[in-house]
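1. Structure for the following, please:
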Amino acid sequence: MAHDLVIPANFGVAAPAFANAPDDDLGSGVQGGYAVVGFKGRVWSVKKGGEEQRLLNDNGEPLASIEVVIVKASPSISKVYYAAGYVEGSTAAPDCHSTNGIAPEASVMTPQCATCAACPHNRFGSRITEAGKQGKACSDSKRLAIVPLADMENEVYGGPMLLRVPAASLQELPQYSAKLKSLGHTSFSVATRVKFDYDVAYPKFIFNAVRRLSAEEGEYIMSLRDDPRVARILNESLEYSAAQAPQQGESIFEQEAAPAPAPAPAPAPAPRPAPVARPAPAARPAAPVAPAARPAPRMGGAPTAPAAPTVAAPKAPPRAPARPAPAVLEAPPVNDDPPTGEGAEGFEADLDAQLEALMPPAE
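-> The predicted structure is shown next:
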């Protein structure tokens with residue numbers, strides 16, 4: 001992480017002994033890393049120092065395109081070959097690679113051929129794609145040094161960055177360059193929008209001009225074209241480094257810490273006295289009855305059901321006055337005495353007399 005330089009301003013003039021001494025270039029041979037603009041699943045990202053940052057818009061969605069300035073392009077095609085095929089996300093070094101597309105790099109441990117032109121992996125048909133089409137086992141790409149249009153200095157990522165144009169997009173570059181030349185421009189005098197071609201299944205770039213650069217922007221871009229950082233991006237061999245984890249028993253420090261002295265044995269603790277029996281505590285009074293819980297406040301959503309109000313029992317309706325019972329004609333007393341007449345004639349005479357008594361009088 002970079003820090004602010006602190007140099008006092010009151011040093012004064014150097015001592016006479018240093019008057020004619022040539023200065024040492026402290027930065028000679030020191031090279032810093034550069035960021036790489038890549039993509040995975042058509043999602044743009046920037047990777048530097050092992051950390052990868054996805055490029056998203058204000059809504060948190062992946063950028064559909066990036067707007068950059070193409071500072072400089074490599075004059076040759078780079079080549080990369082993986083014997084077992086490239087594994088997405090792997091940081092392993094390729095089995096063979098070439099930055100200039102002419103011969104394998106000197107750092108390659110297993111060069112496949114003395115020259116790229118004669119290499120069998122560099123021929124069409126040496127690889128069959130997932131779509132069943134013929135391709136090359138050694139993939140081609142074009143190295144571009146770019147800077148973001150909105151932040152050309154790009155101090156966060158160390159200035160210029162690397163963008164590898166995949167093999168399927170290599171034919172787009174000369175067409176884009178020729179169109180700009182016909183309009184009196186170069187690839188580094190305009191801002192370029194790079195997006196994916198969604199009409200094909202494989203990654204393919206589309207290049208479009210956004211605007212021409214201003215005079216001030218042009219001066220800055222021209223200064224970057226001769227910058228050593230740009231030269232490293234275009235000409236340096238691919239770097240693949242694996243983190244070296246310390247082996248078992250190996251220390252990551254220069255000096256081992258002195259072993260700590262063994263602690264003295266702790267004295268045996270004295271026996272604790274037997275606990276004194278305490279009288280049982282008196283029974284606590286019964287806890288008061290908690291008041292009824294308040295109804296929950298209405299916080300949105302379904303309202304809380306109010307408590308059901310107490311409803312008095314309805315009064316019974318007044319009874320209708322009792323109707324007087326209908327008059328009952330009281331039958332005259334039955335004469336239980338035996339008939340006074342003799343025989344049947346006497347009985348019938350008594351019966352007739354009783355019936356006449358029950359009949360209402362004639363009006």
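2. now the helices for the chain?
-> Assigned by DSSP state H, the chain shows helices spanning 172-182, 215-225, 228-235, 343-358.
3. CA atoms of stretch 125-133 as CSV?
-> This file holds the C-alpha atoms of stretch 125-133, laid out as CSV (Å, rounded to 0.1, in the frame of the first residue of the first chain):
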residue,chain,number,x,y,z
GLY,A,125,-8.2,-28.6,-36.3
SER,A,126,-5.8,-29.2,-33.4
ARG,A,127,-8.8,-28.5,-31.1
ILE,A,128,-12.5,-29.2,-31.4
THR,A,129,-14.7,-26.6,-29.6
GLU,A,130,-17.7,-27.5,-27.5
ALA,A,131,-19.9,-26.5,-30.4
GLY,A,132,-18.1,-29.1,-32.6
LYS,A,133,-16.1,-26.6,-34.7
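4. picking that back up, rank the helices of the chain by pLDDT, which is bottom?
-> The weakest mean pLDDT among the helices of the chain belongs to helix 343-358, with a mean of 60.
5. where does the stretch 201-350 of the chain have low pLDDT?
-> Where the stretch 201-350 of the chain drops to pLDDT under 70, the residues are 236-350.
6. how about a cut-off of 80?
-> Residue ranges of the stretch 201-350 of the chain with pLDDT under 80: 235-350.
7. Show me which parts of the longest strand anywhere in the chain are buried, residue by residue.
-> For the chain, the longest strand by residue count, based on DSSP state E, is strand 138-148. Buried residues in strand 138-148, counted by 16 or more other Cβ atoms under 10 Å: 138, 139, 140, 141, 142, 143, 144, 145, 146, 147, 148. Yep, even glycine has a C-beta here, placed from its N, CA and C like the rest.
8. now do stretch 61-69
-> 65, 66, 67, 68, 69.
9. which residues of the stretch 101-250 of the chain fall in strands?
-> 127-128, 134-135, 138-148, 161-166, 190-196, 205-212 (DSSP state E, counting those that start in this stretch).
10. mind putting the ones you listed in JSON lines, distance to residue 49 included?
-> Formatted as JSON lines, those follow (distance: least, Cβ to Cβ, whole Å):
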{"stretch": "strand 127-128", "distance to residue 49": "32"}
{"stretch": "strand 134-135", "distance to residue 49": "32"}
{"stretch": "strand 138-148", "distance to residue 49": "18"}
{"stretch": "strand 161-166", "distance to residue 49": "13"}
{"stretch": "strand 190-196", "distance to residue 49": "23"}
{"stretch": "strand 205-212", "distance to residue 49": "25"}
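11. Mind checking the ones you listed for the one nearest to residue 41?
-> Nearest to residue 41 among the strands of the stretch 101-250 of the chain is strand 190-196 (10.2 Å), distances taken as Cβ to Cβ.
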